[in-house]
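J.: What follows is a predicted structure for the sequence shown.
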Amino acid sequence: MTKPSSTLLRMFQNERHRLVKRIKQVVGSTSVAEDLAQDTFVKLWQRPPNATDTPGLLHRTAHNLALDYLRAQEVRRRHQTEELHTATEEPPQAPSPEQLATTLQQWQHLIEQLDTLSERAKHVFLLNRVEGETYTAIAERLGISISTVEKDMMRAMRLCREWQRQTQSEEDRHPKRSIYNNTSHSQEG
């Protein structure tokens, strides 16, 4: 670190009062303005001295530090607001026993529908949807054509869509019973 030039030191001493006053207008606090004025001096002191430095450099640097301070305050405020908002949110409610029973019945109905598929179609469906196998890999593994895999998947997906429509229709008729519809449940209590 180099020593501050006597020019910079004199300039700071002469401008200090005006500098603090100007910073206070930006940040609204005398103590913060005093700190930022000191930070201005330290920042300029740490760079190589320049004979052409003017009081304008001091004021411009101080103003920039004041704006940086305000930005940092805004970030802190937003962060605290987000933390407060997160802390005040209600934790998700556990499903009621009735909701769990309804969901288990719905899943049981899906399994029953999938059981109506041929063994090969069920196997194709499970390989794709549970194990993540591609149609090509399933075809090779089962020794069938890709076209057959596609047809089996279409049958299985048709059953799933039908199950989904029936489930949605049931939920529309009995919204409080759905495990996925906690808003109506929480409004009842």
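T.: Yep, it's here.
J.: And the helix or strand where Thr81 lies, what's buried?
T.: Following DSSP states H and E, one finds Thr81 within helix 55-88. If you call a residue buried by 16 or more other Cβ atoms under 10 Å, then helix 55-88 has these buried ones: 58-59, 61-63, 65-66, 69. (Glycine included, C-beta is placed from N, CA and C.)
J.: show me where this structure has helices.
T.: Secondary structure of the chain (DSSP state H): helices located at 6-27, 30-46, 55-88, 97-115, 119-129, 135-142, 146-173, 182-188.
J.: Specify the angle between the second one and helix 6-27 in degrees.
T.: When axes from the mean of the first three to the mean of the last three Cα atoms, to 10 degrees is applied, the directions of helix 30-46 and helix 6-27 differ by 150 degrees.
J.: Do I have it right that Leu57 meets Lys43?
T.: No. Contact status for Leu57 versus Lys43: not in contact, 10.4 Å apart, counting by Cβ atoms under 8 Å.
J.: Format the helices of the chain as a markdown table; extra columns: mean pLDDT.
T.: Shown next, in a markdown table, are the helices of the chain (pLDDT from 0 to 100):
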| stretch | mean pLDDT |
| --- | --- |
| helix 6-27 | 88 |
| helix 30-46 | 88 |
| helix 55-88 | 85 |
| helix 97-115 | 86 |
| helix 119-129 | 91 |
| helix 135-142 | 94 |
| helix 146-173 | 89 |
| helix 182-188 | 43 |
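J.: Mind splitting the chain into its structural domains?
T.: Structural domains annotated on the chain: 6-88, 97-181, as defined by automatic domain parsing.
J.: Could I get the buried residue list for stretch 38-48?
T.: Buried residues in stretch 38-48, counting neighbours by 16+ other Cβ under 10 Å, are found at 39-41, 44-45.
J.: got CSV for the residues you listed, with distance to Thr116 too?
T.: Formatted as CSV, these follow (distance: Cβ to Cβ, whole Å):
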residue, distance to Thr116
Asp39, 75
Thr40, 79
Phe41, 82
Leu44, 81
Trp45, 83
